[in-house]
Every structure is written in C-alpha cells, then in structure tokens.
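Colleague: sequence first, predicted coordinates after that:
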Amino acid sequence: MNTKTVSKILLFSVFLFAAPFRSFCNNTTNPQAQNHVCDSILNLPTGRLQIDLLLEQTIYQKELKAYALKALEMSEDIDYAEGVMHSLDQLGVMERNMSNLAQAQYFHKRCLALAEAQHAENWLMRSAINLGVVYSRINEYESALQYFFLAFPLAEKLKNEREIASCLGNIGNLYLSLNKLDEAMDYFRKSLNKAKELNNYQGLAISHGSMGRVFENRNMLDSAQYYYERNLYYAAGWNDDNGIAISYSSLGNVAKKRGDGEKALEYHRKALEISLKVGDRNYIAPNYARLGDSYLQVGNMELAETNYLQSLQIAQQTGLKRHMITALGGLSELYELQNRHMEALQLSRRQIELRDSVLNEENLRRIEFLKISFEVEQKELQITSLETENRLLAAEKRLIILLGVAVLLLVLAALVLMIQKRRLAMQKIKQLEQEKQLVATQAVLDGEVQERTRIARDLHDGLGSMLTGSKMNIENLKNDLLHGALDVTRCNNALTLLNDSAQELRRIAHHLMPDSLARFGLKTAVGDFCNVLPNVSFSWYGNDTRLEPKIETMIYRTLYELVNNSLKHARASQILVQIIQEPARIAFTVQDNGCGFDPSAVLQGTGLQNIRTRVASFGGIMNMVSSDEGTETNVELRIEL
C-alpha cells in the first residue's frame, strides 16, 4: 500500500470521527492538552479538512494564536479562500480580546476585502460587525455606525436572527452614545419587535432596558420606569441575574431622580445583593457607589461613607478606574457636606488626576491605533501597487484589449438587464399599490355596511319593540278615556316603556360617539368605558393633551372593538388596556388571558381587517401576538398636538 493511499484512508477516518473529535476539542480547557490536539492535527496531510479542524480547535482562544496563524499560512499556500477568511476572522477577535485594536482592525479589514472579492456574504457581514465593535471601543462612533449599517442588510438577507438583533442593538447604543435619542429609540423599537417575533426573552429584556435609558435621558421618568419594569420582568423570565441587577439599579436611579430616597435604597440594595451573588466586580463596585448615593440622599452619612469606601476598595483592587472616579466623587461630596473640607479637596484632586489619566490613556490608545492603521494601509498600498505593476508588465496588449471589450460588453449587458428589471419592478409596484388601494377601499365599505347593519339591528330589536309597546299602551289609554275609565297601571307601563326607549336611544348613540369623548377627551372616554366592565383595567402613561377628534375617535373605536373581541370571542376573564402618550407619538395595548387564536388564520376576517385598515389610514403600526395563554395587540401612531 503506497503513501498516497494511506493518506486518503487517514483523511477518511478523520472525517468519520470529526464530530466526536470536535466535541472533545471544544470541551478541552487545559492549554497543554489543547496544544497537543493542535499538534496532532498538524501531523495530518495538508488540506481543507485539516485546516477546518485546526480552526475549530483554536476558535477565538488567544492562547492558541500561533495555530491560527499557521492555519492562515496553510490556507494561503493551497489557495483556500474560506480558510483564509476564517483564520483572519479568528485572529482579529483574538487581537481585540487582547486589546490590540490596531492589529484587530488589520485582520478584519483583510477579511472584509477578501470577502468582497469572493462575494462571501457571511464573512463580509462578520468582518463588518467586528470592525464596528473595534471602532466603538475607541469611541469612533461614526465609523462604527458605517460598518454596522453595512452588516445589517446582509444579516437580514442571510436571515441570521442573532446578528440582526446584534446590529440593531449596537446601532441603537451608538446613537445613544452620540445623544441622538430619536434615532436610538427607532432602532431599539425595531430590536424589540424582532425579539417579540422570536419570543426571545433575552432580547425583550435588553430592548426594554435600552428604551428605558432613552426615556430617562429625556427625563420622562414615568415611561422610563415602565420600560425598566418590563426589563426586570423579562430578565427574570430567563433567569439572567446580571440583567435583574441592572434593572433594579436603573429603577433605583429613577427613584433617586424623583426624590424618593427610600425607594431608591430598596432598589439599589437588591441590585447589590444580586451582584454580590454573581461575583462580577465590574458590577459590584458601581452598585456600592449607587447605594452610597441613596444613603446620602436620605441623610445617612455613615452608611453612605461605608458604601463609597467599599466601592473604591473593589475598584482599586481590580483596576477599574472609571468606578474609582465615581466613588471618589461621592466621597468628596459627602465630606464637603460634613464640613471636612480638606479631605474633600484631596479626594477631588485625586478624582481629577484619575480622570485626566483615563483620558490620556484613551487618547494615546487612539493615536497608536491610528498610527498603526496608517502604517498598515501604506504597506498594503505598496504591495498592491507592486503586484499591479507586475501584472501589467506581464500581460500582452492584445489580452488587455480583449479584456476591455469583454468588460464593456458585460457592463452594457448588465445595464440593459438592470433597466429591464427596474421597469418590471416599477410595474409590479404600481400593480401592488392599485391592489392595496382596492383592498383598503373594500374593507372600509365592508366596515360601513357592518356598522349600519348593527345599528339597524339595535334600532329594530331594541328601540323599535319598545316604541311599539308604548304605542299599544297609549291606544289602550285612549280607549279608556273614551269610556270614562283611566287605568293608572297602563299609564305607568307606557311611561316606563318611553323611559326605556330613551335610555336605549342614548346607549346606541353612546356606542356611536360617546359624549365624554367629545367633551372631555380620550382618557376620560376610555376610562368610562373600561370602568363599567368588571374584568377590564385601564392605565394611562404620559401627558393627556387633547388630540385631533378624528384620531381620538379612531383610537376609541379600535379599543372598543378589541375589548369586545376579547370578551366575545376569547372569553377572557381579565383584560388590560394601556395607553402611552408622548409629544410625538401615542401607543396603546390591549392584553387578555383568553383562549387566543391564530392571527394568520383570521387575517381576512372583516373585524380584524377593518381594525388594521383603520390604523393604517392614520399611518399607524399594529402588531398582534396570540397564544393559548392570551392575546396582546400593540398599536403605535405618530401624532401632532
């Protein structure tokens, strides 16, 4: 048996046992054992399988950087583009984890360039995300946004839900860092909708917490508290202790800003208790400082000092300079209030020196990053220039002419194809718009017919029968008067029927347009409607400025239909109605504990279709989630007061 045959058998054996071998590699924690496994892989015949196995073993472990470099070298030797991109991606993450951001940028940019050349959308997406993270680490937010915006449509095209959520959250946080609150809120809402679609409690927790920070920055404390409470609910739902601690800390900050020191103490104690249980000092140090702030707010100077000192000690032990700055600031303020002016001055000086030190470190790191990046780019340009020159000298003129003609023909063909596709797309869009308009018009007409039918039925069955009875009683009274005998009972019956008819008329008119809506506004009208139903609770958040009558009427009718659907079809025993009004938007939610339904199965139903059409006519967005545990409907509208 020759050597070539033995190599094939060996590779086939490795392929058969690759799954358990990879499992063993990933579970290995001993560095010496990992090195031994990598050395064993290097003894295999050179090829793509060998490189793939080596990269699976070295995945993002900075201790195994030498093996990742070896995988890159072997991939380049055999012209294995997938292996080159995989190696560059791992090396970039390894360098980033070692805080070598310039080297990380170098590897990720090489991966990005190769992915563009190879049309490898997955690696193009990954390298763009990694570059966004690198630039955000040095506070180059504009550059980071450019790379996240490059990655986001690729993640959507590849239907990579994890990376979609990552891009949305990263973009929102970058806008928040730039204090662009409207843009940040738009992306946090998209992230929240994506989490709702996937029923992802982690994503729901993070999105609600992020939106709470936007409201807190706007000093809209009611809305901030609502979203922080939802953050806490979802963080507890997937047992995320760090997330729960962050939620309590955020709620404590809101209570502090409201001047409720006791409530802030309660929240910050809970946050610190959980952080101590988890053991992450990066959270323990600031939570001690926040607890010190709360004690200072309620006037307990002794416990405030104890917690500030504890925060400072932990931050010093772990080298967390930013938390040291926070603790020093709290102690300085405390000593100033206690008239310990010299100690306060000394701590303030330490705080300023430490802050300057942090800023200098960041500036030096950024300068070094830009310097190395410039040097790397210059070397890449020199290499590219030399390679281009050599290719031009080696090529013959005739080949260049043929290539030019071929490129021209391809460009012309591409232009013709693009024009045809654009024309077809415009025709399709026009057709869809016409169909959409017809569907919307038909839905409105169906809604009007249904509403008229209901009013006619109420008038005929209710008011009509009452008026008929009144007429008969009055005719009998007329006969009694002619015979000279007046029956008081019949007179009372006629009056009762007339009174019931008037009440029925008022009920029908109230359903069409409640008087309280026109006179007092949406909040009062919806509150009156919910209060008469024993199993419906109503909450209003934000301001209650009057809106345009058309919008108020649409919102009232929509809530009326949704609550009636929950009572009539879902047989719900508990219904929650919530409205949040802000300066530029209003959102409302109807949530019940009924039997639920399949939204896609009833999408063509007249009732739901009328509600969707009504909301869409005002430019609103409607989302509905239903299961056997209940139904939740969310509607959001842009408004102008």
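Modeller: The structure has been received and is ready for your questions. Numbering: from 1, shown residues only.

Colleague: for the rest of this, base every contact and every neighbour count on C-alpha atoms.
Modeller: Noted.

Colleague: average pLDDT across stretch 38-45?
Modeller: In this model, stretch 38-45 has a mean pLDDT of 84.

Colleague: report the buried residues of stretch 146-163.
Modeller: 146, 147, 148, 149, 150, 151, 152, 154, 155, 163 (16 or more other Cα atoms under 10 Å).

Colleague: will you turn those residues into TSV that also has secondary structure and distance to residue 470?
Modeller: Converted to TSV, the buried residues of stretch 146-163 look like this (DSSP: H, G, I helix; E, B strand; the rest coil; distance: Cα to Cα, whole Å):
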residue	secondary structure	distance to residue 470
146	helix	76
147	helix	77
148	helix	74
149	helix	72
150	helix	75
151	helix	74
152	helix	70
154	helix	72
155	helix	71
163	helix	71
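
Colleague: can I get those residues in JSON lines with distance to residue 199?
Modeller: Formatted as JSON lines, these follow (distance: Cα to Cα, whole Å):
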{"residue": "146", "distance to residue 199": "29"}
{"residue": "147", "distance to residue 199": "28"}
{"residue": "148", "distance to residue 199": "24"}
{"residue": "149", "distance to residue 199": "25"}
{"residue": "150", "distance to residue 199": "26"}
{"residue": "151", "distance to residue 199": "23"}
{"residue": "152", "distance to residue 199": "21"}
{"residue": "154", "distance to residue 199": "23"}
{"residue": "155", "distance to residue 199": "19"}
{"residue": "163", "distance to residue 199": "16"}
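
Colleague: so among the residues you listed, where is pLDDT lowest?
Modeller: Within the buried residues of stretch 146-163, pLDDT is lowest for residue 163, at 85.

Colleague: with adjacent residues omitted, what lies nearest to that residue?
Modeller: With Cα to Cα, 6 or more residues apart in numbering as the criterion, residue 163 has its nearest non-adjacent residue at 6.0 Å, and that residue is residue 155.

Colleague: ok, now how distant is that neighbour from residue 635?
Modeller: Per Cα to Cα, to the nearest Å, residue 155 is found 27 Å from residue 635.

Colleague: re earlier: roughly how far does the residue nearest to residue 163 sit from residue 169?
Modeller: Distance from residue 155 to residue 169, by Cα to Cα: 13 Å.

Colleague: tell me the contacts of residue 210?
Modeller: 173, 188 (Cα atoms under 8 Å, 6 or more residues apart in numbering).

Colleague: distance of it from residue 184?
Modeller: Applying Cα to Cα to residue 210 and residue 184 gives a distance of 9 Å.

Colleague: need the overlap of contacts for these two.
Modeller: residue 173.

Colleague: still on that earlier bit, now do the same contact list for the residue nearest to residue 163.
Modeller: Contact analysis of residue 155 by Cα under 8 Å, 6+ apart lists 125, 161, 163, 164.

Colleague: switch the cut-off to 10 Å
Modeller: The contact partners of residue 155, by Cα atoms under 10 Å, 6 or more residues apart in numbering, come to 121-122, 124-126, 129, 161-167.

Colleague: common neighbours of residue 155 and residue 169, please.
Modeller: In contact with both residue 155 and residue 169: residue 163, using Cα under 10 Å, 6+ apart.

Colleague: what's the nearest residue to residue 306 once chain neighbours are set aside in contact with, if anything?
Modeller: Closest residue in space to residue 306, ignoring its immediate chain neighbours: residue 292 at 7.6 Å, by Cα to Cα, 6+ apart. Going by Cα under 10 Å, 6+ apart, residue 292 touches 265, 268, 286, 300-311, 327, 330-331, 334.

Colleague: among these, which lie within helices?
Modeller: Cross-referencing the contacts of residue 292 against helices under DSSP state H gives 265, 268, 286, 301-311, 327, 330-331, 334.

Colleague: now the residue nearest to residue 574 when sequence neighbours are not counted: how far from residue 572?
Modeller: Nearest residue to residue 574, sequence neighbours excluded (Cα to Cα, 6+ apart): residue 535, at 5.1 Å. According to Cα to Cα, residue 535 and residue 572 sit 8 Å apart.

Colleague: kindly report the same for residue 181.
Modeller: 38 Å.

Colleague: so where's the stretch 301-450 of the chain uncertain?
Modeller: Across the stretch 301-450 of the chain, the ranges flagged by pLDDT under 70 are 359-397, 434-450.
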